[in-house]
Structures are given as C-alpha cells and as structure tokens.
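Novice: I need the structure of the sequence given here:
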Amino acid sequence: MTSAIDPRSLPTTGAGPGVAPRLIATDLDGTLLRDDKTVSERTVAALAAAEAAGIEVFFVTGRPARWMDVVSAHVHGHGLAICANGAAVVDLHAGGELIEVRPLERTDALSTVAALRAVAPGTSFAVELTTGIHYEPDYPPFQFDAAASIATAEELLHEETPGSGAAVIKLLAHHPSLTPDDFLDLARATVADFGSVTRSSPTALLEISGPGVSKASTLARCCAERGISPEEVVAFGDMPNDIEMLAWAGRSYAMGNAHPAVLAAASGRTAPNGEDGVAVVIERILAGCYDVPAGE
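Specialist: Below is the predicted model of the structure:
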C-alpha cells in the first residue's frame, strides 16, 4: 500500500492523449538536479521557456522548504512548490512561506515509532516539523540543522517537545542493515494504518507522512484548484516517492537513472538527470511533440 488514497482513483477529465500540457511537475534530486545539486543552463532555459509558453512548473520534492535554495532562483510564475512529499505547499517567492500543511498527527507518528521499533529493532528516527528537524542520538548524520534538538522519538513527539505544538510534516526512519526496499516493504505492511510510507534515499531511510499524503494527492489538489486535469500534466521522477505522481499524471517520464519500480510506473523514459533528461522532454513539448516515445 503506497498511501490511503490511490491517485488513480481521483477524478480525471481532459481531452485525452495528445492534449497540450498546461503543467509540468518535476522532482528535484536525481531528476531536475544534476548529481552535484545544480541546475544546468540547458534546464534553466527549458523551464523559463515553458513558463513563457504558458505552462506552469511545479517543483514537487521530498525536501523540506528550507532546502529549496537550489531552485529558488529558477522560480517563475506563481512561485509555489510542493515539499516534504506533499505535506507542505510553500511560496518560494516569499522565502518558503508555508501556504498549506498536511500534517502527520503526533499520535499516528508515535504509533509508527512503536510499531517499527517492534518489527525492525535498531531503527532510529528523526522528526521533521514545520520549524525544523530534530533527531535521535543514533540517527545518521545526513545533514543536521544546528538548531535541532536530540532526544528519543517519543520525547520529540511529545506535544510540548521540542516546543510550541509545531505540526509534524514527516517522520524519518533509518535502519542500519536492512536493504532500502526490504525496509520499505516491511514498513508499509506494518504501519499503513498510521501514515503513508515511501523513500527517496539510496539508503534504508524511510519518509512517513500523514495518511493519504503524497506528492500525487497534493499535486492533484493544486491542479484541481487551477482547473487542470491529469491529462494536462507532465511529470518527472526517479525514486519510489515519485511513483504515485507518475501514475496520476497524463504523461510521465522516469529518468534514465530511475529506480526499477519507477521505470515500470512511468509512461515514458528520458535521459538521466546528468544528461538533462527533463529539459530533453520540455524542448520536445515546446516544439509541438506532446508525446515523447517510451525509451527516449
């Protein structure tokens, strides 16, 4: 189970295959960004050309708002981005101001922690709040915030710790020895009632959002507000946290470097992120080729 809502069951309307796209939804790491976390000049130009042609661009990422500086200079139009795997919609023109939050309830987060500790001993946790990240002593040092506090997950999820009742947007769970996909499968079988479990890291690091929260479900809400149908959306991704979004969009492209499950879920394939795969498709779209063949 990937989330409490299967995006394929969401209402769909539109003109069908070949309709001109109105919105591009792209993941960042491993997709739009090169491996050095930069955006190439070719991709910058393609994004700007798409916006100039009237096609909205949404960055849809697992990153929290505070890590959006990598693309903040390349935002045009509305300036909105979907962050934390759909748990937050932020305004990049306003420095990452939160427009909408779809939280993970602390009771569900605590239930998830207890369940994963039972089935996967050795799991360590971090708690991503709207105000920043906090983590357990054994949580691996991926990218720590100097303002973060260190305590057990149970303490971090207490209503008054680390403070002020800030909303939980994501629970992170790391296992030191399970393979990434085995840990994902185990967690989904164990905690599906408490939240949506996915991953975007090459390590056994899981990301747990509230039930029904995903890139796809939040993107669907944003598109519905704009009168944009799934058939008018082109999506790009490379990791399991992109699968639901790729399945929902009318046209979707897995990067050449994508996880095997992502390659299977997308309707097409483009070049790897290091070879400007997103730009390749956008350029074809702007040239009037709305359907890039699978395996491109």
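Novice: give me the below-cutoff pLDDT ranges for the chain.
Specialist: 1-18, 77, 142-144, 146, 160-164, 290-296 (pLDDT under 70).
Novice: tell me where it has strands.
Specialist: 23-26, 56-60, 80-83, 88-91, 97-101, 124-129, 132-135, 168-174, 196-198, 205-209, 233-237, 251-254, 268-269 (DSSP state E).
Novice: want to throw these into TSV with mean neighbour count and distance to residue 145?
Specialist: (Each C-beta comes from the backbone N, C-alpha and C, glycine too.) Putting the strands of the chain into TSV (neighbours: other Cβ atoms under 10 Å; distance: least, Cβ to Cβ, whole Å) gives the following:
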stretch	mean neighbour count	distance to residue 145
strand 23-26	25	26
strand 56-60	24	21
strand 80-83	25	15
strand 88-91	22	16
strand 97-101	14	17
strand 124-129	24	10
strand 132-135	22	5
strand 168-174	25	13
strand 196-198	27	22
strand 205-209	27	16
strand 233-237	28	26
strand 251-254	27	32
strand 268-269	19	36
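Novice: want to throw these into CSV with distance to residue 222?
Specialist: What follows is the strands of the chain, written out as CSV (distance: least, Cβ to Cβ, whole Å):
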stretch, distance to residue 222
strand 23-26, 9
strand 56-60, 7
strand 80-83, 7
strand 88-91, 7
strand 97-101, 9
strand 124-129, 21
strand 132-135, 25
strand 168-174, 17
strand 196-198, 17
strand 205-209, 16
strand 233-237, 10
strand 251-254, 17
strand 268-269, 22
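Novice: distance-wise, check residue 36 relative to residue 259.
Specialist: Between residue 36 and residue 259 the distance is 20 Å, computed by Cβ to Cβ, to the nearest Å.
Novice: typo on my end, it should be residue 147
Specialist: Plainly put, residue 147 is 33 Å away from residue 259 if you go by Cβ to Cβ.
Novice: thanks a lot, see you next time.
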